[in-house]
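Enquirer: Sequence first, predicted coordinates after that:
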Amino acid sequence: MRWIEAPAVLGLLVGTGLAQTAQQPPGKGPLPQAPALPPIAAPAPMAPVEPPRFVVVLDAAHGGSDTGAKIGPGILEKDITLELAGRLRSVLKARGVDVVMTRQTDTDVSALDQAETANHAQAGACLVVHATATGSGVHLYTSSLGPTPRTAFLPWATAQSAYVTQSLKLESEIDSALVHTSIPVTMGRASVEPMDKLACPEVAVEMAPLVAGHVTTARPLTDVSYQKQVVDALAAALEQWRSDGRNP
Amino acid sequence: MISRAHKYLFALLLAVCVVMAVFLIRLRNRAQDRLQAQGTSAPQSIAEPAGSPPKTVTLFVPNDLDDSIITVQRTIPMPADENAQARVLLEALIAVFRSPDSTHPIQVEKGVDDVYFVAVPEGKGGSGPGGQMAVVDLNGALAAAQPSGIEPETLTLLSMMATLHANLPDVTEVHFLVDGQQRETLAGHADLTRTYLAAEADQRPSPAAPAGAGR
């Protein structure tokens, strides 16, 4: 069985004093003081601790020989997902968020490689971007695995189980952001590669065309303004997620 | 020049070959007779006799627009054999997918080749699901006609699982094959390498607000 080291353990060490204490040379710890002794001068202010880096992993699903769904004549899911992920990366970078993409060109990337890239990034959030010609609006999915307690080492095939609770919260954050745009949103659980292998709060975002409804007009997946609306909502949700400090 | 000893050895080996051949042919004939005898005692066909009694069943029909699954009652002739029942249930569901006003359209004539049942062992202290695992052998035509995407593929699997679980409560797990083979996905997304718990289908939301109304 393959295992992955949970990044949260390192994060916990950084968040408490344990990491600093561990770095102190022996003999420099606080000493017991006699009451008659003059007060010891206050220690020099420590160098400011940089906040932990917030990384978002974007997985543009499919690629290369794996074309994904056929959205329309000559329009393939792999191209739409790459386009969407590219747009989202630009917006996130402009907001000061580090972004790691599992692919940046039309290449075959195995589910194992996608998971490796995502897990080595020790990301605060992972979005798996899909597109479909079926349904309306945006479909949000989290892994169908049941939650398990997080341990130092996670089984590779079900690493997501330790993050399911956070993934559901991230999904809720994205749902809230999309609701403001009047785009219909559906949420569910699904079993899709490589979701179960990702050791980060993750949501699969599947974009569908907009079907005309009470407050929406029909818009195809290729509509740039529709894509921008979704991308802006996702970026806002991720920024909110970062400021809430929920990322591991 | 071949020595006399070699001639005797050759003759002996030839005789052994002939005896072995006769022995093997007799064994083969016996095995064939035994198989034929078994074949005549087994049922010739699992086809149900005509005039199976009609039964009201519950079908779980998905809606692509709001990602919901609703229940629909149908009265259909139900065979007595459990495998045939499962097949009839799933074909009735696929007939709904095929209908012109379907909320989850899949244009396919035959969707399921067969359904097998395997007993699921109970875990220690009854922690395991127990019951039966339904192995659903989907027809390749269904996988080819299935719209690709997380939502449509997941809804197809969940509606089949829920329909089986509701009408055959012993079904606790479901595994899907395509044309008798294990396949990675249904149409590029939904994982077919794993075995699904039938109860997963019970967690679906009921129909939400009208499409386009947001939430």
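Expert: Great, that's in hand.
Enquirer: Now B:Val118. Its backbone dihedrals?
Expert: phi -130, psi 130 (degrees, to the nearest 10).
Enquirer: Where does the residue nearest to it when sequence neighbours are not counted sit: helix, strand or coil?
Expert: Leaving aside its sequence neighbours, B:Val118 sits nearest to B:Met133 (C-beta to C-beta, 6 or more residues apart in numbering or on different chains; 4.6 Å). C-beta: built from backbone N, CA, C; applies to glycine. Counting by DSSP: H, G, I helix; E, B strand; the rest coil, the backbone at B:Met133 sits in strand.
Enquirer: distance of B:Met133 from chain A?
Expert: 16 Å (C-beta to the nearest C-beta, to the nearest Å).
Enquirer: residues near that residue, how many?
Expert: 20 (other C-beta atoms under 10 Å in any protein chain shown).
Enquirer: what sits opposite it in the beta ladder?
Expert: Taking DSSP bridges, one finds B:Val118, B:Glu173 as the beta-bridge partners of B:Met133.
Enquirer: May I have the residues that are in contact with B:Asp179?
Expert: Counting by C-beta atoms under 8 Å, 6 or more residues apart in numbering or on different chains, B:Asp179 makes contact with B:113, B:137-140.
Enquirer: Let's see the pLDDT reported for it.
Expert: pLDDT, B:Asp179: 96.
Enquirer: Now, the contacts of B:Asp179 that are in helices?
Expert: B:Gly140 (DSSP state H).
Enquirer: Scan the contacts of B:Asp179 and report the most crowded one.
Expert: Going by other C-beta under 10 Å, B:Leu138 tops the contacts of B:Asp179 with 28 neighbours.
Enquirer: Count the neighbours of the spatially closest residue to that residue that is not a sequence neighbour for me.
Expert: Leaving aside its sequence neighbours, B:Leu138 sits nearest to B:Val178 (C-beta to C-beta, 6+ apart; 5.0 Å). Applying other C-beta under 10 Å, we find 22 residues neighbouring B:Val178.
Enquirer: now A:Asp66: how far from chain B?
Expert: With C-beta to the nearest C-beta as the criterion, A:Asp66 and chain B are 7 Å apart.
Enquirer: returning to that earlier point: and the contacts of B:Asp179, which is closest to A:Ser144?
Expert: Comparing those against A:Ser144 with C-beta to C-beta places B:Leu138 closest, at 19.6 Å.
Enquirer: is it true that that closest one touches B:Val115?
Expert: No. Assessed by C-beta atoms under 8 Å, B:Leu138 is found out of contact with B:Val115, at 9.9 Å.
Enquirer: I'd like the distance from stretch B:60-75 to the chain centre, please.
Expert: 22 Å (C-alpha atoms, centre = their mean, to the nearest Å).
Enquirer: what stretches of chain B score poorly on pLDDT?
Expert: Confidence mapping of chain B against pLDDT under 70 gives the ranges B:38-51, B:123-129, B:202-215.
Enquirer: pretty sure B:Gln73 belongs to a strand, no?
Expert: Yes. Counting by three-state DSSP, one finds B:Gln73 located in a strand.
Enquirer: In chain A, which residue sits nearest chain B?
Expert: The nearest approach of chain A to chain B comes at A:Gly213, 1.1 Å away (C-beta to the nearest C-beta).
Enquirer: And for that residue, the neighbour number?
Expert: Count around A:Gly213 with other C-beta under 10 Å applied: 19.
Enquirer: can you pull the pLDDT of it?
Expert: Reading off the model, A:Gly213 has pLDDT 80.
Enquirer: residue contacts, the residue sitting nearest the centre point of chain B?
Expert: Taking C-alpha atoms, centre = their mean, the centroid of chain B lies closest to B:Val136, which sits 2.4 Å from it. Contacts here follow C-beta under 8 Å, 6+ apart; on that basis B:Val136 touches B:86, B:90, B:112, B:115, B:160, B:164, B:174-177.
Enquirer: let's see 6 Å
Expert: By C-beta atoms under 6 Å, 6 or more residues apart in numbering or on different chains, the contact list for B:Val136 reads B:115, B:176.
Enquirer: Now do stretch A:188-205: distance to the chain's middle.
Expert: For stretch A:188-205, the distance to the chain centre is 10 Å (C-alpha atoms, centre = their mean).
Enquirer: correct me, but A:Met101 touches A:Leu58?
Expert: Yes. Between A:Met101 and A:Leu58 a contact is recorded at 5.0 Å, counting by C-beta atoms under 6 Å.
Enquirer: So between these two, which is more surrounded?
Expert: Taking neighbours as other C-beta under 10 Å, A:Met101 and A:Leu58 compare with A:Leu58 leading, 27 against 19.
Enquirer: Using the three-state scheme, assign the more buried one.
Expert: A:Leu58 ends up strand, using three-state DSSP.
Enquirer: That one pairs with what?
Expert: A:Met101, A:Leu127.
Enquirer: My guess is it contacts A:Ala85. True?
Expert: Yes. Judged on C-beta under 6 Å, A:Leu58 makes contact with A:Ala85 at a distance of 4.4 Å.
Enquirer: Now the closest residue to A:Glu173 other than its chain neighbours, what are its backbone angles?
Expert: Spatial nearest neighbour of A:Glu173, chain neighbours left out: A:Ala237 (4.8 Å); criterion: C-beta to C-beta, 6+ apart. Backbone geometry at A:Ala237, expressed as degrees, to the nearest 10, gives phi -60, psi -40.
Enquirer: Looking at A:Ala237 now. What's its pLDDT?
Expert: A:Ala237 is given a pLDDT of 97.
Enquirer: With adjacent residues omitted, what lies nearest to residue 146?
Expert: Let's take chain A. According to C-beta to C-beta, 6+ apart, the nearest residue to A:Gly146 is A:Ser161 (6.4 Å).
Enquirer: should've been chain B
Expert: B:Ala187 (4.3 Å).
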